[in-house]
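Asks: okay, sequence plus prediction incoming.
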Amino acid sequence: MFFNESHGLRSLGEAGWQIVEVRRGVNQTPTAAAYKQFVYDIRYIDSPVCRWWDKDSDGTMEPAAGEMQYFTNDGNFNTTALVDANSGGVVERYLYDPYGRVTVLNGAAGAEKDPNVAEWSPDADNKSDWDNEVLFCGYWYDPETGLYHVRERYYDPLTGTWKTRDRILYPDGMNLYEYVRSAPVGHTDPTGLWGKDFHEDLTLELAKKAGIACAADVAEGCERPDKDKRDAPSSFAGAQLLRAAAGRSTMAYDFAGAQQYKDWADEAIKRAVEWHFPADPNGVVHPDSTAANAKVNTGITDCNFKLFSEGLHTLQDSWAHQGKPFMEGLGHARGAEFVDRHTIYYPSPYPGWMQVWEPAHWEKLSGTLAAGSPSADDVTIWPKDARAAAIATYMKMLAFKKNCPCDCPGPNDTKVKTSSGDAEKEGSVGDWLKNTKFPGDNKVK
């Protein structure tokens, strides 16, 4: 990916849709040496912990030379300050309005490039003197246009809207340019899409329909593998950091330490695969397969509530993540994108070209395009699969309720009655899913 800048072009290396390295270049040819490098927190995709910055352009990034900074952020993952790793001083601070318009403030006296500036005073041109673009919600800011680049779309903090429409159209309202439903305080949208929550919200509704007393606990457990260190993006990013540490240990002839880092990296990948990409011996994920059912079935048989609720996540993911994962057992194998009506030009037997209008349609993605797209998890694109996953989830809930009549979590690690009353009929739930929640067929086959 390249961004135009006044001093040339920037090549942005991405891993799991995170910018991990920046290189300067000219004429779309990046330099060999990195200009910036980033390490990310596991809590949120756009929450960097620290960066290295070749501020003197000598081809090296030395913390002792003020070329490493730590990020601090608030509860909405807005970058609030840059802290120099060598001096420990705050070199720059940032304030925001609710929609992300930034005010750049000078850092602590003596920590700045200019020691004469007053701490907390507004920067003269309201631009980062430390070449920091990671600002509101951790999004990548372009000071020349005043826009934030947020993967799928550009966001304008002046108007509080996206610059282009939402390609998944109307699942969350009629305004295709609205940012987080006009509620930016406490919400982020790191993909530029605001999708539905299948694992938690729908699971809660299904558990209530199943007559399970601890429906909220079931929903919380089902969502948990996406919130802790088992989620795929964090596991893959963590594995890469561990492998980098293994490489440094090898260079230092610490072979035992290098092997330990490699083992930890392999374990992180294996854990994410196990919970999100339940594959057969050939490495292919099939919906409702034996592998997909293994955890939840064990939870039902053993009346293990934690394994039952968390195992529902793996079962549900077998629809969203079906196919052969892209790399190391991770990465979406399928995806889709909406293509607007456009013109196709064909060679004509007469002088000139023939114009043919191609109607708007959905196109299937595969390979790297699918692996890097969030569309595999979008229920508005795959409503038929969403219904199948939901019905399978509902049947597992009924099985747990029948086999484990007193296994809902209670106070002080006790167990309480599972049932809260009669369950709705499977056919009634199926009609509700088809007519209300996920109508229609998959957008692509």
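Replies: Done, it's in. Numbers count the residues shown, from 1 in each chain.
Asks: which parts of the stretch 151-300 of the chain are strands?
Replies: 153-156, 161-162 (DSSP state E, counting those that start in this stretch).
Asks: please convert those strands to JSON lines, extending it with mean pLDDT.
Replies: JSON lines is the format used below for these (pLDDT from 0 to 100):
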{"stretch": "strand 153-156", "mean pLDDT": "86"}
{"stretch": "strand 161-162", "mean pLDDT": "81"}
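Asks: possible to save those as CSV with mean neighbour count and distance to Phe136?
Replies: Yep, even glycine has a C-beta here, placed from its N, CA and C like the rest. Formatted as CSV, these follow (neighbours: other CB atoms under 10 Å; distance: least, CB to CB, whole Å):
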stretch, mean neighbour count, distance to Phe136
strand 153-156, 20, 8
strand 161-162, 20, 14
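Asks: and Gly146, which of these is closest to it?
Replies: Comparing the strands of the stretch 151-300 of the chain against Gly146 with CB to CB, the closest turns out to be strand 153-156 (7.3 Å).
Asks: the closest one: partners in the sheet, and parallel or antiparallel?
Replies: Strand pairing for strand 153-156, using DSSP bridges, gives strand 147-150 (antiparallel), strand 161-162 (antiparallel).
Asks: which residues sit against stretch 256-263?
Replies: Applying CB atoms under 8 Å, 6 or more residues apart in numbering, the set of residues contacting stretch 256-263 from outside is 242-243, 245-247, 249-250.
Asks: now, the residues you listed that are in helices?
Replies: 242-243, 245-247, 249-250 (DSSP state H).
Asks: and these, which of them are buried?
Replies: 242-243, 245-246, 249 (16 or more other CB atoms under 10 Å).
Asks: picking up where we left off before, ok, so of the contacts of stretch 256-263, who is nearest Gly59?
Replies: Gly247 (19.3 Å).
Asks: okay, now Cys404: neighbour count?
Replies: By the criterion of other CB atoms under 10 Å, Cys404 has 19 neighbours.
Asks: cool, and Gly283?
Replies: Using other CB under 10 Å, Gly283 is surrounded by 11 other residues.
Asks: and Phe338, by the same measure?
Replies: For Phe338, the neighbour count with other CB under 10 Å is 16.
Asks: what's across from it in the sheet?
Replies: Applying DSSP bridges, one finds that Phe338 bridges with Trp362.
Asks: right, and it touches Lys364 too?
Replies: No: if you go by CB atoms under 8 Å, Phe338 and Lys364 don't touch, sitting 11.6 Å apart.
Asks: thinking again about what came up before, mind putting the strands paired with strand 153-156 into JSON lines with distance to Asp74?
Replies: Converted to JSON lines, the strands paired with strand 153-156 look like this (distance: least, CB to CB, whole Å):
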{"stretch": "strand 147-150", "distance to Asp74": "17"}
{"stretch": "strand 161-162", "distance to Asp74": "23"}
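Asks: what sits closest to Val444 if chain neighbours are left out?
Replies: Lys364 (4.3 Å; CB to CB, 6 or more residues apart in numbering).
Asks: helix/strand/coil for that neighbour?
Replies: Assigned by DSSP: H, G, I helix; E, B strand; the rest coil, the conformation of Lys364 is strand.
Asks: isn't Pro409 right up against Phe308?
Replies: No: using CB under 8 Å, Pro409 is not in contact with Phe308; the gap is 11.1 Å.
Asks: neighbour count: these two, which is higher?
Replies: Phe308 (27 against 15).
Asks: list the contacts of that one.
Replies: 218, 221, 296, 299-300, 396, 400, 404.
Asks: would you write a ChimeraX line that selects the buried entries of those?
Replies: Per 16+ other CB under 10 Å, the buried members of the contacts of Phe308 correspond to this ChimeraX selection:
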select :218,221,296,299,300,396,400,404
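Asks: tally up the residues packed near Met397, please.
Replies: 27.
Asks: now for it: which residues touch it?
Replies: 206-207, 210, 212, 218.
Asks: so who does the closest residue to Asp422 other than its chain neighbours touch?
Replies: Computed as CB to CB, 6+ apart, the closest residue to Asp422 that is not its neighbour in sequence is Gly211, at 5.6 Å. By CB under 8 Å, 6+ apart, the residues touching Gly211 are 401, 419-424.
Asks: buried only: go through the residues you listed for me.
Replies: In the contacts of Gly211, the ones that pass as buried (16+ other CB under 10 Å) are 401, 420, 423.
Asks: what about Gly100, distance to Asn73?
Replies: From Gly100 over to Asn73 the distance is 13 Å, taken as CB to CB, to the nearest Å.
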